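Engineer: Build me a structure from this.
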Amino acid sequence: VAASASSSHDELEYRVEDLEPDTLYRVYVAASNDVGTSAPAKAECRTRRPPPPPPSLDGEAEPTQIKLKWRAPLTQSGSSSLIYRIARLADVTDAHAPCYEGEYCSTKIKGLQENSTYRFQIRSFDRETGSGPWSKVFTFRTPMAPPPSIRGVPTATSNGHGVFTIDWPSVIPKGNPRGLFYRLQTHASSEKKDQWTTVYEGASNSHVLNLAPESSLLTRIFVVRPDGGAGIISQPSPPLHVSSIGEAKLEEE
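Structural biologist: Got it, this is the predicted structure:
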């Protein structure tokens, strides 16, 4: 590239444009007037690397938080450590709300609402080349929170003649704003297959169970949160063994 410029000052600045990034260039500068041209002064300089590209975001959503993860973008050797900046986008205005800045490739965004959509963008910052562009918008949705589990073992009280009252700890909060209910299931002890039958659904933490003479059952209770489908189910309670075996003989005595 050859170029000429004139100046009456002691210093002259000339900008060479449309060069390749991260490329070594040799520059020759010579002075020229009516008498002739001087010997050229030589210099070498390297253009800067382009700013780092934005990584892609992956997310693991929980009811009240999202763990964001990303991979460091490929950069030229000798690059300084990258700083990552993540912004959450407002629902209506798309305004950026900074929520992370650091060198790690993961972070947890906490204090979120369940069953809600959140949008994020990420960009990389290099101490030598500055900030790269913002990424595309990444959208994640938090799931609904599962209902609480029954941790205590249910109890069975015999009422005679194969009738038992099954009680379990109450975990449904007052007012029951989420419409939670209990699901009681039984499984015949004689059956080898893990096949459970639902015998009760409701908000009461007690149910009367009728057993056939000389039989036994395993019982378990779930807490269910309606979601418009099959519902979100808690972990089962510890199983309870209920038996009427030998009950008739005791009643005769």
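
Engineer: and Ser38, how many neighbours does it have?
Structural biologist: For Ser38, the count of nearby residues is 11 (other C-beta atoms under 10 Å). Every residue, glycine included, has its C-beta placed from N, CA and C.

Engineer: Counting neighbours, what do you get for the residue nearest to it when sequence neighbours are not counted?
Structural biologist: Nearest residue to Ser38 in three dimensions, chain neighbours excluded: Ala31, at 4.5 Å (C-beta to C-beta, 6 or more residues apart in numbering). Ala31 has 11 neighbouring residues, counting by other C-beta under 10 Å.

Engineer: Could you do Tyr14 as well?
Structural biologist: Neighbours of Tyr14 (other C-beta under 10 Å): 10.

Engineer: Ramachandran coordinates for it?
Structural biologist: Torsion angles at Tyr14 (phi, psi; degrees, to the nearest 10) stand at phi -140, psi 130.

Engineer: how far away is it from Ser38?
Structural biologist: 16 Å (C-beta to C-beta, to the nearest Å).

Engineer: Where does Ile86 sit, in terms of helix or strand?
Structural biologist: strand 82-89 (DSSP states H and E).

Engineer: sorry, back to before: check the contact between the residue nearest to Ser38 and Thr37; I expect there is one.
Structural biologist: Yes: at 7.2 Å, Ala31 and Thr37 qualify as touching, with contact defined as C-beta atoms under 8 Å.

Engineer: dump the residue contacts of Pro53.
Structural biologist: Contacts for Pro53 were tallied using C-beta atoms under 8 Å, 6 or more residues apart in numbering; they are 73, 124, 132-133.

Engineer: PyMOL command for the buried members of the residues you listed?
Structural biologist: Selection of buried members from those for PyMOL, criterion 16 or more other C-beta atoms under 10 Å:
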select buried, resi 73+124+132
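
Engineer: What are the boundaries of the strands in the stretch 1-150 of the chain?
Structural biologist: 24-29, 41-46, 58-62, 65-69, 82-89, 96-102, 106-109, 117-126, 130-131, 138-141 (DSSP state E, counting those that start in this stretch).

Engineer: Could you export the ones you listed to CSV, including columns for mean pLDDT and distance to Tyr200?
Structural biologist: Listed next are the strands of the stretch 1-150 of the chain as CSV, based on pLDDT from 0 to 100; distance: least, C-beta to C-beta, whole Å:
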stretch, mean pLDDT, distance to Tyr200
strand 24-29, 88, 79
strand 41-46, 89, 77
strand 58-62, 97, 31
strand 65-69, 98, 35
strand 82-89, 96, 44
strand 96-102, 96, 45
strand 106-109, 98, 39
strand 117-126, 96, 36
strand 130-131, 90, 60
strand 138-141, 98, 33
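
Engineer: Name the helix or strand of the protein that has the lowest mean pLDDT.
Structural biologist: helix 247-252 (a mean of 56; mean pLDDT, DSSP states H and E).

Engineer: Can you tell me, leaving aside adjacent residues, what's nearest to Ile245?
Structural biologist: Distance criterion C-beta to C-beta, 6+ apart; nearest residue to Ile245, sequence neighbours excluded, is Glu214 at 5.3 Å.

Engineer: tally of neighbours for the one you found?
Structural biologist: Other residues close to Glu214 by other C-beta under 10 Å number 13.

Engineer: and the gap between it and Ala43?
Structural biologist: 102 Å.

Engineer: Check Glu60 too.
Structural biologist: 52 Å.

Engineer: on that earlier part again, nearest to Ile245 among the contacts of Pro53?
Structural biologist: Pro73 (68.5 Å; C-beta to C-beta).

Engineer: Done for today, thanks.
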